[in-house]
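1. return atomic coordinates for the entry below.
(chains A and B)
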There are 2 protein chains.
Amino acid sequence: MSRHEGVELANRAAHEVRERARTLRLTGPTAGLAAGFVQANLAVLPQALASDFLRFCQRNPKACPLLAVSEPGQWSLPGLGEGIDLRTDLPRYRVWAHGELVDEPTDVVHDWRDDLVSFAIGCSFSFEEALLAEGIELRHVTQGSNVPMYRTQLPTQPAGPFAGPLVVSMRPLRARDAIRAIQITTRFPQVHGAPVHLGDPALIGITDLSRPDYGDAVPLHDDEIPVFWACGVTPQSVIAASRPAFCITHAPGHMLVTDLKNHQLAVL
Amino acid sequence: MSRHEGVELANRAAHEVRERARTLRLTGPTAGLAAGFVQANLAVLPQALASDFLRFCQRNPKACPLLAVSEPGQWSLPGLGEGIDLRTDLPRYRVWAHGELVDEPTDVVHDWRDDLVSFAIGCSFSFEEALLAEGIELRHVTQGSNVPMYRTQLPTQPAGPFAGPLVVSMRPLRARDAIRAIQITTRFPQVHGAPVHLGDPALIGITDLSRPDYGDAVPLHDDEIPVFWACGVTPQSVIAASRPAFCITHAPGHMLVTDLKNHQLAVL
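-> From the prediction side, this is the model:
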């Protein structure tokens, strides 16, 4: 096997997921697929709004860590993978008009416009892989559910029409694991980085951990502390609240699978 | 001013503290003196015990981070500062016989023996400087008292006669500051490094935060979490419990002031 073939094989898992989505052999969630590869949130906005949204991301890097931004009209993202077609390579999309969900298609070829700018935003799957590799139990993974997410009273820094509260994900951890998780996720600033809060949920405006605003509740044991990370649902909820005339996002859990490896995102 | 004179001036603060201690113009605590310079705990043991104690430090690096170990009989530590005389350069010492405190002299020239091995162990003063520089309030500094310290139910890894529970220091911090403090102290593995616990004190066997085993209690506000670091009192208490026939330590708060700068200990 040549060195070139070796590289091709190594990247095949990510490429194959995109290929399967493109050919409609995959229309479900991407969690657990192409282990080791970076998965990204997708937001696609008309160019008229793109500058405001880019500024929003720049001002709120923990919630909106940008992995890549396309040229207007461009549906490839060469920095994230060879041959990516953003119109077809995610298993499912959401198309929005004036803040209302109007379609959940498996491709957006016919919705595409020359003025669209695409944003690929880091996702906690990447740092969760590093936590699991360290032997840290993640409750929502153990119970096979979605991570619980909560709207907080922590504001984001607004830009143009984009504004709203920070959304956080929560993972219950014992103190020792919480300290280790802070060290590990600090190494991954492009996928939300270190937690934004730990301990008393009321201090950030969360009244009931058993009733998340998104995802599923998980039990919190007596010897555990809730640890909160900025969440990629923040840009989605901020975009929805701004009611743009038109935009496209990934359907929840149906992510863009890139050719980047999670470990490549570690700064140390 | 020559470059050489500049270096001499920069190091003068630490050298001057040692000089004042040596000439008995300083017999009090060293907290706040020679700002920016590393201060160290001192433990001096007969060579027959030194190997066990060195192994104890190696196995418990968070409680016993070694900055330097002398040759047997040597009273200088060139790696920590030019001209250090360990027999005279601390403001006050404690001399122990069979685990009993027998003297608190201002020098140990006449107690010195050719078989003594000296251990300089990192001290939390160094990371506290980095936390204060970040604008993080340290309650015991604000109220001008000693940091509260507690014996825990966390065991140390024993070596030879040296064994006993971990002693921790506690600093109340808001969640955001706790997360930042974990990041900052992680950079300082030679001065206790990251915390060993945060949150519920009972989980590590502390029943009442208002009654520390050493130092002074500090108030804990409603929006704060107690954060616990391994403490340099651990080796002292472990040595005392082992009742060596002879040993010397610094008197509490009367540290060895070195020529190292605190920022030099940062690994990143």
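2. name the helix or strand of chain A that has the lowest mean pLDDT.
-> The helix or strand of chain A with the poorest confidence is helix A:3-22; it has a mean of 75 (mean pLDDT, DSSP states H and E).
3. what's downstream of that helix, the next helix or strand?
-> strand A:37-46 (DSSP states H and E).
4. just checking, residue A:68 is part of a strand?
-> Yes. Assessed with DSSP: H, G, I helix; E, B strand; the rest coil, residue A:68 lies in a strand.
5. is it true that it touches residue A:77?
-> Yes. Residue A:68 is in contact with residue A:77 according to C-beta atoms under 8 Å; the separation is 4.8 Å. All C-beta atoms are positioned from the backbone trio N, CA, C, and that covers glycine.
6. what sits in contact with each of those two?
-> Here residue A:68 and residue A:77 have residue A:120 as joint contacts, going by C-beta atoms under 8 Å, 6 or more residues apart in numbering or on different chains.
7. the two - which one has more neighbours?
-> For residue A:68 and residue A:77, the more surrounded residue by other C-beta atoms under 10 Å in any protein chain shown is residue A:77, and the numbers stand at 23 against 18.
8. which residues does residue A:162 contact?
-> Here residue A:162 is in contact with A:52-53, A:56, A:238-239, A:242 (C-beta under 8 Å, 6+ apart).
9. phi and psi next, for it.
-> The phi/psi pair for residue A:162 (degrees, to the nearest 10) reads phi -90, psi 120.
10. mind listing the strands for chain A?
-> Under the criterion DSSP state E, chain A contains strands at A:37-46, A:66-69, A:93-97, A:100-103, A:116-122, A:149-155, A:165-174, A:197-198, A:224-230, A:247-250, A:256-261.
11. and the ones you listed: which comes nearest residue B:124?
-> Residue B:124 lies closest to strand A:197-198 among the strands of chain A, at 21.7 Å (C-beta to C-beta).
12. residues contacting that closest one, please?
-> The contact list for strand A:197-198, computed with C-beta under 8 Å, 6+ apart, reads A:152, A:154, A:168, A:178, A:203-204, A:225-228, B:175-176, B:178-179, B:198, B:225.
13. buried subset of those?
-> By neighbour count, with 16 or more other C-beta atoms under 10 Å in any protein chain shown, the contacts of strand A:197-198 hold A:152, A:154, A:168, A:178, A:203-204, A:225-228, B:175, B:178-179, B:198, B:225 as buried.
14. need the contact list for the residue lying closest to residue A:60 once chain neighbours are set aside.
-> In this structure, residue A:60 finds its nearest non-sequential neighbour in residue A:156, 4.7 Å apart by C-beta to C-beta, 6 or more residues apart in numbering or on different chains. The contact partners of residue A:156, by C-beta under 8 Å, 6+ apart, come to A:56, A:59-60, A:63, A:163-166, A:234, A:238.
15. what does residue A:190 give?
-> If a contact means C-beta under 8 Å, 6+ apart, then residue A:190 has A:65-67, A:122, A:126, A:265 as its contacts.
16. can you list those in a markdown table and add neighbour count and distance to residue A:15?
-> Converted to a markdown table, these look like this (neighbours: other C-beta atoms under 10 Å in any protein chain shown; distance: C-beta to C-beta, whole Å):
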| residue | neighbour count | distance to residue A:15 |
| --- | --- | --- |
| A:65 | 25 | 24 |
| A:66 | 17 | 23 |
| A:67 | 22 | 17 |
| A:122 | 24 | 20 |
| A:126 | 27 | 18 |
| A:265 | 19 | 19 |
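17. for those, which one is nearest residue A:93?
-> Nearest to residue A:93, judged by C-beta to C-beta, of these is residue A:67 at 18.0 Å.
18. could you measure from that closest one over to residue A:259?
-> Counting by C-beta to C-beta, to the nearest Å, the gap from residue A:67 to residue A:259 is 12 Å.
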